[in-house]
Every structure is written in C-alpha cells, then in structure tokens.
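Chemist: predicted model follows, preceded by the sequence.
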Amino acid sequence: MKSADCLTVSPGEPLTDWQKLGLDLVARWQGRDVILAIDLTGSVNFNDEGRTRLGQIIRDSLKNNDSVYLVPFADNVQPIAERILIRGKKDIDAVLKAIPWQSSQSAKNTDIQRAEWHVYTRLARLNQCRLTANQAIKPQSVVWITDAPLSTAAGITSQQWIETPKNSPFRLANSPESLERQNWLNSLPINLRTQEITATNGNKYKLSVVDIAPTAQEFCTPAPGGQETCLINPYLLSQLWLPALVITLMGIGGIVASILGIRHWLRLNTAWTIEVLYDQDEDETQKYILKTSERINIGGEEYNKNTFSRAGEEIRCYLERRGNQLYLKPTRQAEIFYRGNQLTQEVKIDKNDLNLTYHHNNQDFDLKIQISKK
C-alpha cells in the first residue's frame, strides 16, 4: 500500500450526484482495494466459525485484480505489508497463509479508533494518488475482525471501550487525530454490515464488512482570470471521453441498424405489382400481386394461380421473388428467350422491366413485363 510521491490527503468538498456516478463508471472492472484488519488481542480467538466465515469471504468474494492488504492491530497498527494482487487460486492461498489465525500473547489494549484512522486515511490516499496520476480509482472494502466497537463518536470513553490506551490521542475528542478520523468517517461513503461470532472461550467478537463506494476528494480553488480550478471534473473527462465516444457511436450505430432493419422488414412485407403486356393485344395488361416467396408462371393452364396462360399450355419460366430480389427461372418445358438468348439458367433481374420472347404456333410473341415495388 505504497503512496510515495503522493501528498497527504484530507477530506474534500461534497460531490454532486453526477460526479459520484462518473467515479462509479471509472471504477467499473478495475478490481478493488480490500483490507483485512485483524485484532491481534486474545479477545479475538479464531474458532471454527470465525475461520469458516473469513475463509468464505476470501475464497468466494475476492476476484481477479483485487488488491488485498493485511492490517494486524492492537494498541498500535503494524506496518502494512505489500499488497497481494489476486490473479488466481495461488494468490487466494497466499492470503489465507498470511492471516494471523492465532492471537498474540503480547498484544493488548486494542486502540480501535487508531486502527480506523490509519485504515481509512490510507484508503483515501490510495484513490487520491490514482486521481493525481490520472489512473482509474477503485471501490474499497475493509473486513474488520475485532470485539471493539466501530464508527464510534470522537473522544472514545472507557464506558464505550475500556481497552483504549490511556495515552491514546483518541480519548480526546478535539485531538488532531480524533478530528481527522471523524472527518473521514463523515466524508467517505461507508456502508457497514456486521456478523457476531462467539469464540470457543465464550467471548464474542464481530466480523464486520465496510464497503466504500469509489470516491476521491474534490478541491475547487479560485484561479486568476475569474476562473476556478477543480480536480474531479477534469479527471472524469480524461477517463470517460473515450468510453463515452464508443457508447455514443454504438448508440448511433444501433439506431441506424434499427432503422435499416425496419426499412428492410417493410420492404419484405410490401407486395409488388407485376404487369404483363402481351404484344398481340396492347390494350390488355394483366396485373399480378407478388409477395415474397411467391412466383408467377409464364405459360401454363389458366386456372392456376398467378399464371400468364397466353404464353402456351407449358410453363416456360417463372418470375420468382425471394425477399427483395426477383429471379427469372427456366423450366425447360418450352423455350423462352431473354435478351435475345434462350433462357437456360436462372437469372437475377435487377431492373424494373424486362422483355421476353417465345415461339408458339410458328410465330414469335413478345412479352413486356413491368415491376412496381411500391
């Protein structure tokens, strides 16, 4: 949990709802900071239940890219060890191995407010350092294992917690340390949940989980030229402009795709009008309605649906609609000519008109076909 090259941070100005939302978006999929804060005094003696519950948290809730820090404490807080970055099972095992499962005989007089001051200040500094370096901040959590009360008011009394050392600055409500701790408790978006555990010797202690929503400290300062310089909004802009652009383009692409899809669906469900003009009787035009997957017979018996029977008793070819495409398909029952050549294989029709020629009773006949797709 190094914070070198990063200034000491203090609670900043309140954030707007939009800034909170932006910070939450920045922190998505970045992993978490997780502190395991464990009371080393004899009043916390891990029994089977305690081991099971803490093991549950470690095995089931830690995910890849989570950074885990161990913080043992009693009358003082031990130096925080290097983080364990979770990448797989071996890192989970490393966390389990590093936990002090046995209380320390020399540890006594838990200074719980000192531990809180130490933990919350360090967590706030971690995210503030990330903001300063223009890196993504993270959500944070603390797992407390202690029988001491958490989040008590500044100036803890012996009635609240008798173990607080007599010389602890946290016995004084107005000491700098007490005020700073209280400011962090008021400033950080903390959510506390607690599970009570009964030890083998009958003592009770608590496993408490504190979740801290992704946050950073805002400082707005007057600047020359009637301006104001702030931290959060420029940071959010630098972190979110590319995802926002991608989402916008995806949204526009989705709208365009929807419009094109609706247009295609409407075109598929629009019936076409096919007009067949027989050159021997130019005053008579036969009209047919052609829906998708339907076809018109050029030639054949008159009683058949969608049949132009004047081309002879044999079906010479089909006009077949597939989706929004029209095909001219020969049957080989009788000859028919398209563009001066006998039709021997399927042809895609790209225009809205075509001419066909066929021989019947030693005569040549022309058909003019008009296609209306509206």
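Modeler: Received it, and whenever you're ready, just let me know what you need.

Chemist: now the lengthiest helix in the chain: mean pLDDT?
Modeler: Secondary structure assigned by DSSP state H gives helix 232-268 as the longest helix of the chain. Mean pLDDT, helix 232-268: 90.

Chemist: for the residue nearest to L343 when sequence neighbours are not counted, give its distance to E294.
Modeler: The shortest distance from L343 to any non-neighbouring residue, by C-beta to C-beta, 6 or more residues apart in numbering, is to P330 (4.5 Å). Quick note: C-beta positions are derived from backbone N, CA and C, even for glycine. Distance of P330 to E294, computed by C-beta to C-beta, to the nearest Å: 18 Å.

Chemist: which of the two has more residues huddled nearby?
Modeler: Shown here are P330 and E294; by other C-beta atoms under 10 Å, P330 has more neighbours (20 against 17).

Chemist: surely the more buried one and C317 touch.
Modeler: Yes: the pair P330 / C317 is scored as a contact, 5.0 Å apart, by C-beta atoms under 8 Å.

Chemist: what is in contact with the two at once?
Modeler: 336, 343 (C-beta atoms under 8 Å, 6 or more residues apart in numbering).

Chemist: quick one: the helices in the protein?
Modeler: Going by DSSP H, the chain shows helices at 17-27, 48-56, 89-98, 112-132, 176-187, 232-268.

Chemist: make TSV out of the ones you listed and add mean neighbour count.
Modeler: TSV is the format used below for these (neighbours: other C-beta atoms under 10 Å):
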stretch	mean neighbour count
helix 17-27	17
helix 48-56	14
helix 89-98	13
helix 112-132	23
helix 176-187	17
helix 232-268	12
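
Chemist: with distance to E313 added, can I get those in TSV?
Modeler: TSV is the format used below for these (distance: least, C-beta to C-beta, whole Å):
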stretch	distance to E313
helix 17-27	73
helix 48-56	84
helix 89-98	79
helix 112-132	85
helix 176-187	93
helix 232-268	34
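
Chemist: of those, which is nearest E302?
Modeler: Of all the helices of the chain, helix 232-268 sits nearest to E302, with 29.9 Å by C-beta to C-beta.

Chemist: quick one: that closest one to chain centroid distance?
Modeler: 15 Å (C-alpha atoms, centre = their mean, to the nearest Å).

Chemist: now swap in stretch 53-60 and tell me
Modeler: That offset, for stretch 53-60, works out to 26 Å (C-alpha atoms, centre = their mean).

Chemist: how long is that stretch end to end?
Modeler: One end of stretch 53-60 to the other measures 10 Å (C-alpha to C-alpha, to the nearest Å).
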